[in-house]
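Visitor: no FASTA, just this:
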């Protein structure tokens, strides 16, 4: 055989040898990986480690008024592991139709007990002025949809740091204060020392949701003289974008009105001011909304005039 053929034989033998060594090395590494994986699964199964779970179980509105709404998001976190796991961070975002309303971060949110569960409460505040200044199409009195997104970041042995993403949708109102008018006052019993009268109030609900009126806290001024306040005799419902009329008894002293008293007796229009609050129930919880009316004009009528038409009150 020619000497020029020898390098080919030698090279072939080296390549085959290297190839066999690579196969042996690769097989060994794969076996080590499989062994470690098997050991990990056995340890995990023996010790009982598992991934925690979380779910949004409720969203509450403990307080709502014309300025802001306080929300509390309840998140139930379950820990199947034999040791406590820390909640490292909670990230939250509330958006409406894809537009951010508010976001925030709660660091070091606590610890979930071993083989236990905890309801984590996430407080969120929506400031209506911030929302209206950013989104001009969101009007007072409307109801807007929202989506809340929560990321719970936990640290679990074996698994390491995990992010548990959660979502929940709902609706929230942008409240608007009702309009109030003192349409007329009927005398039930008249004297200069003490007069018992009935206030006929008109309440207009400018919200896209019903108001269950169950309380009033207000004061009335006639001709710049306070005649005090009164309590609501019975609750009433004001339909969304609707009007309701209520009657409230009140007692005052006409002699305190001075010269304005004679205009009142003659049935002339009398200037009045009302300020206070109403307590209402809504589909979103209880609210205390302000009511006010300044520079209004009302009528005073005696009982014998009760059958009169409302439009013939002024001379």
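Guide: In hand now; what should we look at? Bear in mind that the values here come from a model prediction, so they are computed numbers and not experimental data.
Visitor: my read: residue 99 touches residue 137, true?
Guide: No. Counting by CB atoms under 8 Å, residue 99 stays clear of residue 137, with 10.0 Å between them. Every C-beta, even on glycine, is put in place using the N, C-alpha and C of the backbone.
Visitor: Have a look at the two and say which one is more surrounded.
Guide: For residue 99 versus residue 137, neighbours defined as other CB atoms under 10 Å are more numerous around residue 99 (12 against 9).
Visitor: Dihedrals phi and psi, residue 245?
Guide: Backbone torsions of residue 245, given as degrees, to the nearest 10, read phi -120, psi 140.
Visitor: Ignore what I typed, I meant residue 133.
Guide: Note on residue 133: its backbone torsions stand at phi -70, psi -20 [degrees, to the nearest 10].
Visitor: low-scoring stretches of this protein, by residue?
Guide: Within the chain, the segments meeting pLDDT under 70 span 1-48, 230-231, 233, 258-269, 299-315.
Visitor: Look up how far residue 120 lies from the closest residue to residue 53 other than its chain neighbours.
Guide: Leaving aside its sequence neighbours, residue 53 sits nearest to residue 78 (CB to CB, 6 or more residues apart in numbering; 4.9 Å). Counting by CB to CB, to the nearest Å, the gap from residue 78 to residue 120 is 11 Å.
Visitor: Please say which of these two ends up with more neighbours.
Guide: Legend: neighbour count by other CB under 10 Å for residue 78 and residue 120, higher for residue 120 (18 against 15).
Visitor: And that one, how far from residue 275?
Guide: Residue 120 sits 42 Å away from residue 275, going by CB to CB.
Visitor: where do the helices sit along the stretch 101-250 of the chain?
Guide: In the stretch 101-250 of the chain, the helices defined using DSSP state H, counting those that start in this stretch lie at 128-134.
Visitor: Strands of that one, start to end?
Guide: Remark: strands assigned in the stretch 101-250 of the chain by DSSP state E, counting those that start in this stretch are 116-127, 143-156, 160-173, 179-189, 195-204, 211-222, 225-228, 236-238, 243-252.
Visitor: Stretch 131-139: which residues count as buried?
Guide: Residues 131, 138 are the ones in stretch 131-139 that count as buried (16 or more other CB atoms under 10 Å).
Visitor: Ignore what I typed, I meant stretch 73-80.
Guide: Those would be 73, 75, 77, 79-80, for stretch 73-80 by 16+ other CB under 10 Å.
Visitor: Show residues contacting that stretch.
Guide: Outside stretch 73-80, the residues that touch it by CB atoms under 8 Å, 6 or more residues apart in numbering are 48-60, 85, 87, 92, 112-122, 124, 148, 150, 152, 154, 164, 166, 168.
Visitor: Of these, grab the buried ones for ChimeraX.
Guide: Buried residues within those, by 16+ other CB under 10 Å, are selected in ChimeraX with:
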select :49,50,52,54,56,59,85,87,92,112,118,120,122,124,148,150,152,154,164,166,168
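Visitor: Leaving out sequence neighbours, find the closest residue to residue 212.
Guide: Spatial nearest neighbour of residue 212, chain neighbours left out: residue 281 (3.7 Å); criterion: CB to CB, 6+ apart.
Visitor: Give the buried residues for the host helix or strand of that neighbour.
Guide: Per DSSP states H and E: residue 281 is located in strand 270-282. The neighbour-count check on strand 270-282 (16+ other CB under 10 Å) flags 270, 272-275, 277-280, 282 as buried.
Visitor: what would the residues you listed look like in a markdown table with distance to residue 297?
Guide: Shown next, in a markdown table, are the buried residues of strand 270-282 (distance: CB to CB, whole Å):
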| residue | distance to residue 297 |
| --- | --- |
| 270 | 7 |
| 272 | 7 |
| 273 | 11 |
| 274 | 12 |
| 275 | 17 |
| 277 | 23 |
| 278 | 22 |
| 279 | 27 |
| 280 | 27 |
| 282 | 31 |
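Visitor: Go through these and name the one nearest residue 160.
Guide: Nearest to residue 160 among the buried residues of strand 270-282 is residue 282, at 45.6 Å by CB to CB.
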